[in-house]
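[1] Mind looking at a prediction? Sequence and model below.
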Amino acid sequence: MKLYIKYMVSLRCKMLVKEELKNLGIHYIVVDLGMVEILEDITPIQLEKLRVALLKSGLELMDDKKSILIERIKNVIIELVHYSDAVPKVNFSDYLSEKLGYDYTYLANTFSEVKGITIEHYTIANKIERVKELLIYDELNLTEISYLMNYSSVAHLSNQFKKVTGLTPTYFKQLKNKRRNSLENM
């Protein structure tokens, strides 16, 4: 049996869900971003207890098919952008279709209809957030980040970064350094 959970987008969320399942004596096979596969059928009482426990932590059990699909799309994107060592060098629409088992046009139309934003814009926003993290960590240069995030060039990354944030990656990085310097001088 599979359960789908809204707002489950981090490793911490996965740990929290595992703990709640353990507390309720529910045995699971897999806990992934947005989805839990349960070993056995659970009672309506257990399901309601799980629903209440998850709500206390800001998570929600889902039963609407469209909402479940939207969360699955978001989770594939988040996992790919934030938790992969490198964004795969494949056509993203093909990747998403293969991963979710639906035609990309259907996925894109459903996502846009429900979220009011395209899958492409959602993906770009996530990639830029990841780029910000990498810039702040200061372990990779812009060329390495561009390669890691599967941009065609540093210029393409820089243009997209500026379009989304209003800042160049270099200026964003300088802001972080200025803030650190001013804190050190206190």
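    On my side now, so go ahead.
[2] ok, the residue nearest to the spatial centre of the chain to Asn126 distance?
    Nearest to the mean C-alpha position of the chain, counting by C-alpha atoms, centre = their mean, stands Ile78 at 2.1 Å. Ile78 is 6 Å from Asn126, where distance means C-beta to C-beta, to the nearest Å. Using the backbone N, CA and C atoms, a C-beta is placed for each residue, glycine as well.
[3] quick one on the thing from earlier: the residue nearest to the centre of the chain sits in which helix or strand?
    Ile78 belongs to helix 65-83 when assigned by DSSP states H and E.
[4] How about the residue nearest to the centre of the chain: what's its closest non-neighbour residue?
    Val9 (5.3 Å; C-beta to C-beta, 6 or more residues apart in numbering).
[5] Now for the one you found, how many residues are close by?
    Residues contacting Val9 under the criterion other C-beta atoms under 10 Å number 19.
[6] Repeat that for Met62.
    21.
[7] what bridges to it?
    Going by DSSP bridges, Met62 is paired in beta bridges with Tyr4.
[8] tell me the pLDDT at it?
    We note a pLDDT of 83 for Met62 in this prediction.
[9] Could you tell me how far it is located from Ala108?
    Distance from Met62 to Ala108, by C-beta to C-beta: 20 Å.
[10] Equivalent analysis for Ala125, please.
    As judged by C-beta to C-beta, Ala125 and Ala108 stand 16 Å apart.
[11] quick one: which of those two has more around it?
    For Ala125 versus Ala108, the count of surrounding residues by other C-beta under 10 Å is larger for Ala108: 18 against 14.
[12] So that one sits against Ile119, correct?
    Yes. With contact defined as C-beta atoms under 8 Å, Ala108 counts as touching Ile119 (5.3 Å).
[13] How far off centre is stretch 142-153?
    Centroid displacement of stretch 142-153 relative to its chain, using C-alpha atoms, centre = their mean, to the nearest Å, is 19 Å.
[14] re earlier: tell me which residues touch the residue nearest to Ile78, please.
    Going by C-beta atoms under 8 Å, 6 or more residues apart in numbering, Val9 touches Leu33, Gly34, Lys74, Asn75, Ile78.
[15] helix/strand/coil for it?
    With DSSP: H, G, I helix; E, B strand; the rest coil as the basis, Val9 sits in coil.
[16] gap between it and Leu96?
    17 Å.
[17] rewinding a little: which residues does the residue nearest to the centre of the chain contact?
    Counting by C-beta under 8 Å, 6+ apart, Ile78 touches Val9, Leu33, Asn126.
[18] Understood, closing this out.
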